[in-house]
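A.B. asks: A predicted structure for the sequence below; I have some questions about it.
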Amino acid sequence: MAPDKKILFISLTDAPNGAENVLLTMAKEVGNEIWFLKRNQGANLKIPDHLTACYLSEVSIASGFARMIPKLRSFSPDLIMSTHPYLNAFLGFLKRLGYLHTKLIARECTSVFTRFTGLKKKVYRLIYRLGYPSIDLLVCQTELMKKQLLDHNRFIPDKKVLVQPNPIDFIKIMAGAEKPLINGDARLEFICSAGRLIPEKGFPILIEAFKSIKSEYPHLKLLLLGEGKERISLTTLIEANGLTGEVILKGQVDNPAPYFKHAKVCVVSSIKEGFPNVLLEMMAVNQSVVSTLCAGGIEEIPGIHKIEVNNVAALSNAIKQTLAATKATDVKVMHNYLAQRKPEIFAHSILNALNNLN
C-alpha cells in the first residue's frame, strides 16, 4: 500500500493489554490515526506524538460504537485495521451493508470458538457470519489459531487468512528493563508472572506450584503483575494457603520489564491464549523462562522450559529445574528468535499480504 494512504486503527479501549499493544505497535509503524471507542478508566496505552489518538467516548463502548459510524464516513480512510471480534464483525457488517468502502484488516486476538462455550459461543458464530465475509484480510497469530478459525467458519477462504506472529518492540523492552525497581522490590528475590487477573491466566495453578517449592526457597517471593476481576479470589487463595506476604499482587505495572529482568524465573502459567505477548517480553530480558503450552507456536520457541497446561506438579518441577540450572540458555538463541518479530517486519508483512490479494 502506498505510503500516502490514510490508514486508520480502531480499538475498543486504550487499556494496555496484549491485543491493544499489538495494534498500537502496528499503528506506530504505518498509521495515521488510532481511535478508541472508550477511554480506559485505569492504566492507558502511551501514544507517541506522531500518532493522532481519538477517544470516541468517556462513558461506554456502546456509545463509542454509535459515534464511530458517522465519524467513519467523514474521515474516509483507505484502510482500517482492528483487533477485537465484536469490532471486527461490526466493521465488516458496515462494509457488507455498503456503508464502508474501505479495505478492512482484522486481527484475531484469541481463538473464541475454543475458548468459549454455550450461548457466548453461539453469539460469536452469529457475529462472525454477519460481519467476517466482508473483511479483506484476517490476521492470525499462529497456525493453530488459523486452523481453529477456518474449522469453525467454513465460509472464510483460506487465501484471506495470514499467519503473522506477534511483534515485539525489542528496543523499547530493553530500554525499559534498565529502569530501577522501586518500593523495596530491588531487595527481593522473586519469581515473576504478569497478565490480567482472569481465569485464563492460570494464576491459581502458579500459586499452588509456588507453595510446593516454598520450603526449599524460603526467601523467594512470587510477584504477580496485573489487575483484574480475580483479585479478590486470588487474595483469598493466597490467605488460605498461608502465603500472605509471600505472593504479592502488584497491580497494574506500566513498565514490567525491570521485574522480568531481575526475576529468578519468569513464568507464563496461562491455560489458553491466542499467544502470550508477555512471554516475548520476558525472553527479551531474562534467560530463565518457563511457559505452559497455552497457545500454538510456543512448542517451537527455543531456550525456554515448556510444560503442559493446568498441571501444578509439572509447573513446580519446571520452576525448580530452572532455579537450579547451572548453565543459562544462550541469550543469542532467544534474541535471534525475537529478531524475526520486529515491528517493521510485522507491519509490512501484513500490508504486503493485503496488496497480494488485490
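C.D. replies: That came in fine, so what should we check first?
A.B. asks: C-alpha from now on. contacts and neighbour counts both.
C.D. replies: OK.
A.B. asks: can you list the domains in this protein?
C.D. replies: What the record gives for the chain is the domain set 7-167+342-357, 170-339, from automatic domain parsing.
A.B. asks: Just the buried positions in whichever strand or helix holds Asn356, please.
C.D. replies: Counting by DSSP states H and E, the element that carries Asn356 is helix 343-357. For helix 343-357, the buried set under the neighbour-count rule, 16 or more other C-alpha atoms under 10 Å, comprises 343-347, 350-351, 353-354.
A.B. asks: Then stretch 135-149?
C.D. replies: For stretch 135-149, the neighbour count (16+ other C-alpha under 10 Å) marks 135-142, 145-146, 149 as buried.
A.B. asks: Need those residues in a markdown table (columns: secondary structure).
C.D. replies: Conversion of the buried residues of stretch 135-149 to a markdown table gives the following (DSSP: H, G, I helix; E, B strand; the rest coil):
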| residue | secondary structure |
| --- | --- |
| Ile135 | coil |
| Asp136 | coil |
| Leu137 | strand |
| Leu138 | strand |
| Val139 | strand |
| Cys140 | strand |
| Gln141 | coil |
| Thr142 | coil |
| Met145 | helix |
| Lys146 | helix |
| Leu149 | helix |
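A.B. asks: Now flag whichever of those is closest to Asn310.
C.D. replies: In terms of C-alpha to C-alpha, no member of those lies closer to Asn310 than Met145, at 20.0 Å.
A.B. asks: From what I see, that closest one and Gly296 are in contact.
C.D. replies: Yes - under the criterion of C-alpha atoms under 8 Å, Met145 lies in contact with Gly296, with a separation of 7.0 Å.
A.B. asks: doesn't Ser291 fall inside a helix?
C.D. replies: No - assigned with three-state DSSP, Ser291 falls outside any helix and is strand.
A.B. asks: Distance-wise, check the residue nearest to it when sequence neighbours are not counted relative to Ala324.
C.D. replies: The shortest distance from Ser291 to any residue other than its chain neighbours is 4.6 Å, reached at Val268 (C-alpha to C-alpha, 6 or more residues apart in numbering). In this structure, Val268 and Ala324 are 18 Å apart, going by C-alpha to C-alpha, to the nearest Å.
A.B. asks: Quick check on those two: which one has the bigger neighbour count.
C.D. replies: Neighbour comparison, Val268 and Ala324: the larger count goes to Val268, with 25 against 9 (by other C-alpha atoms under 10 Å).
A.B. asks: so who does that one touch?
C.D. replies: With contact taken as C-alpha atoms under 8 Å, 6 or more residues apart in numbering, Val268 is in contact with 193-194, 201, 276, 278-279, 290-292.
A.B. asks: just Glu58 next, same as before
C.D. replies: 38-39.
A.B. asks: which phi and psi does it have?
C.D. replies: Comment: the main-chain dihedrals of Glu58 come out as phi -100, psi 0, following degrees, to the nearest 10.
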